[in-house]
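Chemist: Sequence and predicted structure are below.
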Amino acid sequence: MHAETLVNSVLVSLLLILLSAVQGSLQQSLRQVGGECKISPESSLRRCRTPDGLICNGRGECECGICICQVTEPGTFYGPRCECHDWICPTYDGKTCGDNGICKCGKCFCDENWFGESCQYQEECSLSSKTSKDLCRNAQGVVCSNAGTCHCGSCMCHNPDGKGLISGRYCECDDSECLDEDSGEVCGGHGKCYCGNCYCSAGWHGDKCEFQCDISPWESKRRCTSPDDKICSNRGTCVCGECTCYDVDPSGDWGDIHGETCECDERSCHAMYDRYSDDFCSGHGQCNCGRCDCKEGWAGKKCDHPLSCSLSVEASQKKCRRTSSLPCFGRGQCLCGQCTCHPPGDKRVHGKNCECDDRQCEDLNREICGGNIHKHTHSWPLSNHTHCFHTGKDVHFLLTETSVCQKSAHSQVISVY
């Protein structure tokens, strides 16, 4: 097997040398003595163009029908149309040829005792059946994603049609999602498919690269540039001169982020304590492209300050802020210097400035401190007057009512992670 691999490698090297020699003689024959090209520019480009329309695969320059490949180091790009690249061989587990072979012009030549497109399979297996299956389980614990069989800790994906559309370490990628329904080509023949997603060639866009862009990349960028000189205001993606904002309302209307260049961000009109509410500008104003226009009798950036209040906006905010950088610790509404904790009626958020949040001690099942309080302490019985407190530094405390949210003589460390 090793000898066969060596022979194949030598044959490929000799073939490339022969192609280079033919390329050199052909280049000479296409040129006159004075160095001028005998063929027209159109014919020259036609000879350099690949089936997908790229000149020299986008990796070189066309000179008189011959591709001059871009070479930053010997052997990086080579072949008649610069189609060979040692980095584009199949990979397994992020490694070219699975680190079990050598790459030659896009094809893996496997070491002895290894086989497969990416040299990912061992001919002889020393693993037990259980160990092998465990290595083939995906994040959900399913062997080869139910799309392949496990062979010595590696998944052999099922591809009955021979097209190799199922791939990935755990056969988790289904590239049939990239097939164009009309032409049957992968990404419409205008892009590459990676794990079920199309990455389109320049000038094409769409889920299957089915749409051609008729403007230049520079014009596309210009149309997508926002007034603050950012592409789609850094809140969306630019496709053929049009911005697609990251936040789109499923109903079809605009979402919190909208505008021709995604310049409007309505999220800044939401209250800090409830960003998912539909109540813009505290219910006392209208949000216009991220700014609140308050109704009569109300003021403040979010229309949360009544003009009937004897305090100024600044004085009210300062009174609600205390030691925090946010009014009411970002957990409540500040109204004329008084905090109303959110959500109303939820006693887990409390304190004069909503500084106490007992939800920090709950797990996904709403158990206090993960239900492990009794495991860590036996000297201090639980009652309605004790609390679990999380400092934000992965230390939990049990606290009496009189010492809530303060580490004092009445507190006891119950768990340190």
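Modeler: That came through fine.
Chemist: Can you list the low-confidence ranges for this protein?
Modeler: Within the chain, the segments meeting pLDDT under 70 span 1-35, 71-78, 85-88, 162, 202, 247-255, 272-279, 362-417.
Chemist: For it, just list every one of the helices.
Modeler: For the chain, the helices defined by DSSP state H occupy 2-30, 41-48, 129-135, 217-224, 313-321, 373-376.
Chemist: Okay, buried residues for the third one please.
Modeler: Okay, so that is helix 129-135. Going by neighbour count (16 or more other C-beta atoms under 10 Å), the buried part of helix 129-135 is 132, 135. The way it works is simple: take the backbone N, C-alpha and C, and place the C-beta from them, glycine included.
Chemist: quick one: stretch 333-353 to chain centroid distance?
Modeler: A distance of 37 Å separates the centroid of the chain from that of stretch 333-353, by C-alpha atoms, centre = their mean, to the nearest Å.
Chemist: Ends of that stretch, what's the gap?
Modeler: Distance across stretch 333-353, first residue to last, is 10 Å (C-alpha to C-alpha, to the nearest Å).
Chemist: Flag every buried residue along that stretch.
Modeler: For stretch 333-353, using 16+ other C-beta under 10 Å, the buried residues are 333-335, 337-339, 341-342, 349-351, 353.
Chemist: Residues contacting it, please?
Modeler: Contacts with stretch 333-353, where a contact means C-beta atoms under 8 Å, 6 or more residues apart in numbering, come from 271, 273-274, 282, 304-306, 309-311, 315-317, 319-322, 324, 327-329, 331-332, 354, 356-359, 362, 404-405.
Chemist: let's go with 7 Å and repeat that
Modeler: 271, 273-274, 304, 306, 309, 311, 316-317, 319-320, 322, 324, 327-329, 331-332, 354, 356-359, 405 (C-beta atoms under 7 Å, 6 or more residues apart in numbering).
Chemist: likewise stretch 50-62?
Modeler: Residues outside stretch 50-62 that contact it (C-beta under 7 Å, 6+ apart): 44-45, 48-49, 67-70, 77, 81-83, 189.
Chemist: List only buried entries from those.
Modeler: Among these, those that count as buried by neighbour count (16+ other C-beta under 10 Å) are 44, 48-49, 67-69, 77, 81-83, 189.
Chemist: got the contact list for the closest residue to residue 124 other than its chain neighbours?
Modeler: Nearest residue to residue 124, sequence neighbours excluded (C-beta to C-beta, 6 or more residues apart in numbering): residue 113, at 6.2 Å. Residues near residue 113 by C-beta under 7 Å, 6+ apart: 122-124.
Chemist: Most neighbours out of those residues, which is it?
Modeler: If you count neighbours using other C-beta atoms under 10 Å, the busiest of the contacts of residue 113 is residue 122, which has 17 neighbours.
Chemist: For residue 46, see how far away residue 40 is.
Modeler: According to C-beta to C-beta, to the nearest Å, residue 40 and residue 46 sit 9 Å apart.
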